[in-house]
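Asker: Got a predicted model here, sequence first, then my questions.
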Amino acid sequence: MAKPKKKREDAIPPAELIGGLVTAGHGRHYVVTTDAGERLEAHRRGKKGDVVVGDRVGVTPPVSGVAAIERIEPRRNLLYRSDEWRIKSLAANVDLVAVVFAPRPTFNPWFIWKALLAAHQAGIPALVIRNKSDLVDNAEAADAECARLTAIGHDVVAISAGNDPEGARRTLIPRFTGKTVLLVGQSGMGKSTLLNALVPHAQAATREFSEALDLGKQTTTAARLYRADMDDWEGAVVDTPGFQEFGLAHLSLNDILRAMPDIAKHVEDCRFFNCRHLQEPGCAVKAALERGDIDPERYAFYAALAPLANTLPQ
Ligand SMILES: Nc1nc2c(ncn2[C@@H]2O[C@H](COP(=O)(O)OP(=O)(O)OP(=O)(O)O)[C@@H](O)[C@H]2O)c(=O)[nH]1
Ligand SMILES: [Zn+2]
């Protein structure tokens, strides 16, 4: 019988590896920023696709400019999104998920709610940021969304990243200091504007990432991590450019309910203990909906997600 292969991870003593943080990735090609602040191109040893932005790693000293990722330190958490076909890791070791939305372009509340569910499932606190507070157009809808989210129990702040970047910094830096903050939002909500307000060297770093990963002008949906090392704040911002959908096929029904207290608070009175709160007789959630005790749009969201729950291998 063939001997089981000795794991590569054991082959090199950790003391000889360089510690660093994965700050960008594309395919199996990564950028690792070492603890000394050097930016290295890196490949995963053995071509495993298990590295994600935000991972703390140990790399070999670079040979011809390219290092090898030998070790991944245990993760505090891992944030996913998924589509019908597969689960994708978005980022690891995130302390706060910041969901950015704005009155214009028209925002989709479901995107915000999905991001909040994904954060909850990963055990990561979340903050909702209402951007473009200076806009009058569609402000009522944005204000109503803030009120709805606050009533559910979410943290919400209002800023104007484009119009008042200093004010945005004053609001956010006390909440972001010491943390790795992941920014998510639909396209056009002002994520890049906010990132640049918080981390002024972000644009230059984006160019360097593109060069290191040989992306040219190609955009990627992969996350990128920008370290903030400034007089007024230290931490990191992870940007997630260019995606419109926050798929949640990896959530179980319980994950969904645990993240929706406005629905879940009614389930105890359902006739069946395994009620899915969709079509079952004697469902207390449906009764609460009919009485007007549940926001119909929140129920519609729940009813859209519930049938898809847990359809992917966990
Ligand atoms: N009025 C107003 N406009 C803003 C504000 N913040 C950003 N914008 C504008 O909104 C537009 C979109 O901003 P971006 O920062 O590019 O948005 P994004 O979310 O990064 O969009 P993608 O790059 O497509 O993901 C730009 O024209 C910004 O100038 C704000 O606070 N007020
Ligand atoms: Zn029920």
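Answerer: Structure's in. What do you need? As the structure is a prediction and not an experimental result, all values here were calculated from the model. Ligands and ions are numbered 1, 2, ... in the order given.
Asker: Going by C-alpha atoms from here, please, whenever you check contacts or count neighbours.
Answerer: Noted.
Asker: what's the span of stretch 173-181, first residue to last?
Answerer: End-to-end distance for stretch 173-181, by C-alpha to C-alpha, to the nearest Å: 11 Å.
Asker: list the buried ones in it?
Answerer: I173, F176, K179, T180, V181 (16 or more other C-alpha atoms under 10 Å).
Asker: Among these, which are located in helices?
Answerer: Among the buried residues of stretch 173-181, DSSP state H puts I173, F176 in helices.
Asker: Quick check: the gap between the residue of the stretch 1-150 of the chain found nearest ligand 1 and ligand 2.
Answerer: Nearest residue of the stretch 1-150 of the chain to ligand 1 (C-alpha to the nearest ligand atom) works out as K132 at 3.4 Å. Distance of K132 to ligand 2, given as C-alpha to the ion, to the nearest Å: 39 Å.
Asker: Do stretch 184-198 and ligand 1 come into contact?
Answerer: Yes. On the criterion C-alpha under 6 Å from any ligand atom, stretch 184-198 is in touch with ligand 1 at S187, G188, M189, G190, K191, S192, T193.
Asker: Show the buried residues in these.
Answerer: Applying 16+ other C-alpha under 10 Å to these, the neighbour count classes S187, G188, M189, G190, K191, S192 as buried.
Asker: contacting residues around the longest strand seen in the chain?
Answerer: In the chain, assigned by DSSP state E, the strand with the most residues is strand 18-26. Applying C-alpha atoms under 8 Å, 6 or more residues apart in numbering, the contact partners of strand 18-26 are 30-35, 51-61, 209, 213, 220, 222-226.
Asker: Likewise for stretch 68-77?
Answerer: By C-alpha under 8 Å, 6+ apart, stretch 68-77 touches 8-9, 17, 42-45, 51, 55-62, 92-94, 122-124.
Asker: In strands only, show me these.
Answerer: Among the contacts of stretch 68-77, the members falling in strands (DSSP E) are A42, H43, R44, R56, V57, G58, V59, A92.
Asker: Who does the last one form a beta bridge with?
Answerer: Using DSSP bridges, the beta-bridge partners of A92 come out as L78.
Asker: got the contact list for it?
Answerer: Counting by C-alpha under 8 Å, 6+ apart, A92 makes contact with V52, V53, G54, D55, R75, R76, N77, L78, L79.
Asker: How far does stretch 285-305 stretch from one end to the other?
Answerer: For stretch 285-305, the end-to-end distance is 15 Å (C-alpha to C-alpha).
Asker: before we move on, back to that, of the contacts of strand 18-26, select the buried ones using a PyMOL command.
Answerer: Buried subset of the contacts of strand 18-26, written as a PyMOL selection, criterion 16+ other C-alpha under 10 Å:
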select buried, resi 30+31+32+33+34+51+52+53+54+55+56+57+58+59+60+61+209+213+222+223+224+225+226
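Asker: residues from the stretch 201-314 of the chain in reach of ligand 2?
Answerer: C270, C275, H277, C283 (C-alpha under 5 Å from the ion).
Asker: top of those residues by neighbour count?
Answerer: H277 (23 neighbours; other C-alpha atoms under 10 Å).
Asker: in what helix or strand does it lie?
Answerer: Following DSSP states H and E, there is no helix or strand that holds H277.
Asker: correct me, but it touches V285?
Answerer: Yes. The criterion here is C-alpha atoms under 8 Å, and H277 meets it with V285 at 6.0 Å.
Asker: Can you check which residues contact both of these two?
Answerer: V267.
Asker: would a markdown table of the ones in strands among the contacts of stretch 68-77 with pLDDT and distance to ligand 1 be doable?
Answerer: Output for the ones in strands among the contacts of stretch 68-77, formatted as a markdown table (pLDDT from 0 to 100; distance: C-alpha to the nearest ligand atom, whole Å):
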| residue | pLDDT | distance to ligand 1 |
| --- | --- | --- |
| A42 | 94 | 26 |
| H43 | 93 | 27 |
| R44 | 89 | 28 |
| R56 | 97 | 26 |
| V57 | 96 | 28 |
| G58 | 96 | 31 |
| V59 | 96 | 31 |
| A92 | 96 | 20 |
